[in-house]
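[1] starting from these lines, generate the structure:
(chains A, B and C)
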Amino acid sequence: MDGGQAFRWRLNESGSWTGIWGQNLVEVCLQGERLEWRRPKQVSVNREEVLRYFAFDPPYEEIIDELPWRSDRFLANAMERFHGLRILRQPLGEALFAFLLSTVKSIPQIKELCELTAKKYGEEIVPGIYALPTWERLARVSEKELRALKLGYRAKYVTQTARMLAEEPDFFSEVEEATYEQARGKLMKLPGVGGKVADCALLFGAGKREAFPVDTWIAKVMASGYGLKDWRLEQVAAFGRAHFGRFAGLAQQFLFSAVREKQQGTKA
DNA sequence: CTCCAGGTGCCTT
DNA sequence: AAGGCACCTGGA
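    Numbering: from 1, shown residues only, chains lettered A, B, ... in the order given. From the prediction side, this is the model:
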């Protein structure tokens, strides 16, 4: 919930989590093997949508088993330590927005930017809690206003991307239906979207589970653990997809969690 | 005060 | 194709 996939979840004192996606506001809590959830009565989210968000459809153990843990001691170790880790399925537009803001930002900072944007331009779901604005709404916000919201140089990416999306109403559905390669190329035409941001949007927002986002952390792990020292980031991404296979993105999350655990305290 | 952070775009070799 | 640097902002 708080590992850098989604940025609108917070931990409650009781140990449950409250999260927002689309117009939905949900509180979830793990009771043993069961995920319990509830919503305010104003919110109409149903069980099916919750299951989809948590990607409970494909049997988890089968996906896990398909990763190359038998021949990859390094991965196997991370998988043991983080068993149960899964990929959330967020609305594509929201994943794109969050990762457009993510460059050179830590998780708490990305969360804050999302929060500020939602408060300012999003719809109020229940008193005091706001949805992220749609891209249509963002298209009507100036770069200057977004800079005032502390988006920095990312403000230009958001306004320009919003403008391009406005001219292509079917953009997101086309990305979701396209093959991974096609979808990635399509996303990378948007300003501020390079390979890493595109892969995050595809993995967390479009169900493209072969996407292998390479940030500096993953680049370091792949350099030290897999001998890919001094490789180009695009080459590391291609290696990841080839080596880890159909569910490379989940492998990436295991490795990512493992490095961040070691670096805990240095970064947030 | 300087440096750099979970990238990208643009300008040079 | 590959290397170098600026870009907002804030925290170390």
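
[2] measure whatever residue of the stretch 51-200 of chain A ends up closest to DNA strand B to DNA strand C for me?
    When distances are taken as Cβ to the nearest atom of the strand, the stretch 51-200 of chain A reaches nearest to DNA strand B at A:Gly194, 2.5 Å away. Placement of C-beta: from N, CA and C, glycine included. Using Cβ to the nearest atom of the strand, to the nearest Å, one gets 11 Å for the distance from A:Gly194 to DNA strand C.

[3] and what of A:His83?
    Summarising the geometry, the distance separating A:His83 from DNA strand C, computed by Cβ to the nearest atom of the strand, is 31 Å.

[4] and for the residue of the stretch 51-200 of chain A closest to DNA strand B, nearest residue in space, chain neighbours not counted?
    Nearest-residue entry for A:Gly194: A:Met188, 6.5 Å, with adjacent residues in sequence omitted and distances by Cβ to Cβ, 6 or more residues apart in numbering.

[5] surely that neighbour is in contact with A:Lys196?
    No. When contacts are counted by Cβ atoms under 8 Å, A:Met188 is not listed as touching A:Lys196 (10.2 Å).

[6] mind listing residues that contact the longest strand seen in chain A?
    In terms of residue count, the longest strand belonging to chain A (DSSP state E) is strand A:24-31. Outside of strand A:24-31, the residues that reach it under the criterion Cβ atoms under 8 Å, 6 or more residues apart in numbering are A:12, A:14-20, A:35-40, A:43, A:45, A:49-50, A:125-126, A:129.

[7] coming back round to it: would you confirm that the residue of the stretch 51-200 of chain A closest to DNA strand B contacts A:Leu187?
    No. With contact defined as Cβ under 8 Å, A:Gly194 and A:Leu187 do not form a contacting pair (9.4 Å).

[8] neighbour count: the two, which is higher?
    Set side by side, A:Gly194 and A:Leu187 show unequal neighbour counts under other Cβ atoms under 10 Å, the larger going to A:Leu187 at 27 against 13.
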